[in-house]
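Participant: the amino acid sequence is not available; the structure is as follows:
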């Protein structure tokens, strides 16, 4: 499956952004979709993941450090998975990727994610 991220950009500390993950193949509901990020000089880490429609598409998982400020959701009619981010901090600056698999990894790991987008850059700076 092809994945395309959008919604990144420059935001001030304390601000919000909503990232989107979509696919031209109109089949995202078949997959668990996760959001991951990689900050400069750091390893990639998992942020959140949502199960596929077959496994309960309201079931979500978050890395412990991401709980409370990040919300993942999916709109199957729009073939899109979102990551709503609030109260952003400079340390949230990273390239954010969405990825697809048959299930969610044990966050903040990314083991088992089969398909990856190219990422969208989020910069939190004043």
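Facilitator: Ah, there it is. Source: prediction; values computed, not measured.

Participant: distance-wise, check residue 118 relative to residue 26.
Facilitator: From residue 118 across to residue 26, the span is 19 Å (Cβ to Cβ, to the nearest Å). (C-beta placed from N, C-alpha, C; glycine too.)

Participant: now stretch 46-61: buried residues?
Facilitator: 46, 47, 48, 49, 50, 51, 52, 57, 60, 61 (16 or more other Cβ atoms under 10 Å).

Participant: dump those residues into a markdown table; add distance to residue 21 and pLDDT as well.
Facilitator: Below are the buried residues of stretch 46-61 laid out as a markdown table (distance: Cβ to Cβ, whole Å; pLDDT from 0 to 100):
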| residue | distance to residue 21 | pLDDT |
| --- | --- | --- |
| 46 | 14 | 96 |
| 47 | 12 | 97 |
| 48 | 11 | 97 |
| 49 | 11 | 96 |
| 50 | 10 | 95 |
| 51 | 14 | 94 |
| 52 | 13 | 90 |
| 57 | 14 | 64 |
| 60 | 14 | 93 |
| 61 | 16 | 94 |
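
Participant: before we move on, which element is the spatially most central residue of the chain in?
Facilitator: For the chain, the residue nearest the mean C-alpha position is residue 35 (2.3 Å; Cα atoms, centre = their mean). Counting by DSSP states H and E, the element that carries residue 35 is strand 32-38.
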